[in-house]
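Trainee: After the sequence you'll find the predicted model.
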Amino acid sequence: MPTARNASTAHDPENTDPDPTIPPPHTDDPDLTPRTDRPAAPFAGRRIRAALVGTGGIARGSHLPALARLAEEGETEVVAAVDIDADSVERLCSDNGIPHPYTDLDRMLEEQRPDLVSICTPPVLHREQTVAALQAGAWVWCEKPPVPTLADFDAVEAAEIPDGGPFAAIVFQHRFGSGPRHVARLLAEGALGRPLVAHCQTTWYRDAAYYAVPWRGRWRTEGGGPAMGHGIHQMDLLLDLLGPWSEVRAMAGRLVHDVETEDVSTALVRFSDGALATVVNSVLSPDEVSRIRIDCERATVELTHLYGHSNGDWRITPAPEVPEEEAAAWRDFGADVPSSHLEQLRELVAAMRAGVRPRSSGADGRTSLELITALYKSAFTGTTVRAGEIRPGDPYYTALHGGAPGWAPGTSRTTEATQTTGTDKKSGVTAATEVSAAVPGEEASA
């Protein structure tokens with residue numbers, strides 16, 4: 001049977017036992033020992049050699065175009081692609097001038113020695129494939145959700161080389177572009193005053209056909225419900241703008257879909273500076289929208305979009321006493337650079353050339369996963385969860401369902417009322433293609 005390293009979609013859907021082990025960054029196995037033979041400036045004067053893992057919708061529609069654009073600018077070249085479906089990977093390579101198709105990840109890493117590996121597979125495969133690439137000396141750009149658990153994320157981080165990389169970055173492209181850059185600067189400078197109240201909303205619609213894909217709606221293979229697979233982008237952007245959170249209180253429900261995970265959740269989040277936020281994640285909402293609103297002492301900042309944003313999707317409303325000239329300066333976002341995989345990849349490539357940790361990696365990439373984990377723990381235990389509380393030994397560290405009755409696979413479900421309150425209780429060729437077909441234009445994970 002193909003292994004996860006070989007970019008397979010194969011898995012045992014009944015095996016829901018989490019793996020609590022975290023491999024050390026160095027091992028005695030020569031196949032797993034990180035490369036140490038890279039020069040101090042490994043990419044100087046040449047293109048960065050990239051490889052795609054998974055050839056489904058997100059690879060074809062987002063990763064490959066971003067890599068191709070930077071190839072036009074002399075920054076990158078795609079040297080290989082991997083997928084367990086030989087026909088798919090050969091077709092992708094033939095159509096896009098990629099010289100080396102593979103059905104085995106380890107073989108590709110050994111023979112091609114890429115500088116950057118772009119992982120476009122279902123979440124259950126992310127940990128093993130990311131660690132394999134890091135230990136082969138490649139930097140990683142991995143689709144969200146990053147990995148199914150905090151234990152998995154810490155295993156990935158343990159495989160990085162802190163002094164100059166390689167590092168593994170998560171695709172959080174909503175952070176990148178002129179809009180978030182401008183608003184982050186205004187907030188950091190204190191121009192808008194202290195943030196007080198925020199709202200983070202990802203209310204989308206997914207029907208039964210969406211969940212007919214076997215790996216969706218399962219803790220082990222998708223990682224979680226809309227909080228993990230859909231709302232993670234807006235929560236990540238909110239955290240990027242407002243900084244660290246301190247505590248969360250949440251509820252979750254399984255109101256429509258016959259799945260293991262939730263299909264709706266709500267949360268109250270307190271930030272370290274005292275600001276309060278509401279968070280709503282849903283796949284039950286026919287009128288779909290992604291929205292962030294931050295009320296500061298001197299202005300309200302709003303972002304309203306669906307799967308990506310540009311300058312026109314942001315609005316700044318000043319308080320009555322703010323001079324019009326100052327408000328006009330706030331509203332000047334400069335040249336319009338929409339959020340995109342391309343903008344994040346540009347920054348990642350710059351970090352590679354500088355030998356520095358990129359944004360959305362390490363602690364910076366872990367923050368949204370920690371909040372989501374805390375959201376689930378709060379919803380399923382009926383308690384307030386504080387930042388830093390979920391550590392090794394906590395059941396939610398190794399499984400987002402935490403073994404909670406009615407939520408953990410194999411446990412009997414609670415009643416509708418208690419589900420609502422929560423108090424008691426990629427290779428991705430096939431899967432990714434179905435994502436693209438079921439939800440046209442969505443940038444969801446492969």
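Mentor: Yep, that arrived.

Trainee: Extract the C-alpha trace of stretch 280-292 and format it as CSV.
Mentor: Provided in CSV are the C-alpha atoms of stretch 280-292 (Å, rounded to 0.1, in the frame of the first residue of the first chain):
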residue,chain,number,x,y,z
VAL,A,280,-18.5,32.6,13.8
ASN,A,281,-17.6,29.7,11.4
SER,A,282,-20.4,28.0,9.4
VAL,A,283,-21.0,25.8,6.4
LEU,A,284,-24.8,26.3,6.7
SER,A,285,-25.1,29.9,5.4
PRO,A,286,-26.7,30.4,1.9
ASP,A,287,-25.6,34.0,1.9
GLU,A,288,-21.9,33.4,1.9
VAL,A,289,-19.4,36.0,3.2
SER,A,290,-16.0,36.3,4.9
ARG,A,291,-15.8,39.3,7.1
ILE,A,292,-13.5,41.0,9.7
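
Trainee: List the buried residues in that stretch.
Mentor: For stretch 280-292, burial by neighbour count (16 or more other Cβ atoms under 10 Å) applies to V280, N281, S282, V283, S285, S290, R291, I292. Heads up, the C-betas are built off the backbone N, CA and C, glycines and all.

Trainee: May I see those arranged in a markdown table, with secondary structure as well?
Mentor: Formatted as a markdown table, the buried residues of stretch 280-292 follow (DSSP: H, G, I helix; E, B strand; the rest coil):
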| residue | secondary structure |
| --- | --- |
| V280 | strand |
| N281 | strand |
| S282 | strand |
| V283 | coil |
| S285 | strand |
| S290 | strand |
| R291 | strand |
| I292 | strand |
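
Trainee: What is the host helix or strand of A155 packed up against?
Mentor: Using DSSP states H and E, A155 falls within helix 150-158. Judged by 3 or more Cβ pairs under 8 Å, 6 or more residues apart in numbering; DSSP states H and E, helix 150-158 is in contact with helix 126-135, helix 362-381, helix 395-398.

Trainee: helices or strands up against the shortest one?
Mentor: Which is helix 395-398. Against helix 395-398 (3+ Cβ pairs under 8 Å, 6+ apart) you get helix 150-158, helix 362-381.

Trainee: And those helices: which comes nearest E260?
Mentor: Comparing the helices and strands packed on helix 395-398 by their distance to E260 (Cβ to Cβ), the top pick is helix 362-381, with 12.2 Å.

Trainee: tell me which strands and helices the closest one is in contact with?
Mentor: Looks like helix 362-381 contacts helix 150-158, strand 168-170, helix 226-229, helix 232-242, strand 245-253, strand 264-271, strand 385-386, helix 395-398 (3+ Cβ pairs under 8 Å, 6+ apart).

Trainee: if we can go back for a sec, output the helix holding A155 as CSV, nothing but the C-alphas.
Mentor: C-alpha atoms of helix 150-158 as CSV (Å, rounded to 0.1, in the frame of the first residue of the first chain):
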residue,chain,number,x,y,z
LEU,A,150,-0.6,20.7,17.6
ALA,A,151,1.4,17.6,18.2
ASP,A,152,1.8,17.3,14.4
PHE,A,153,2.8,21.0,14.1
ASP,A,154,5.4,20.7,16.8
ALA,A,155,6.8,17.6,15.0
VAL,A,156,7.2,19.7,11.8
GLU,A,157,8.9,22.5,13.6
ALA,A,158,11.3,20.0,15.2
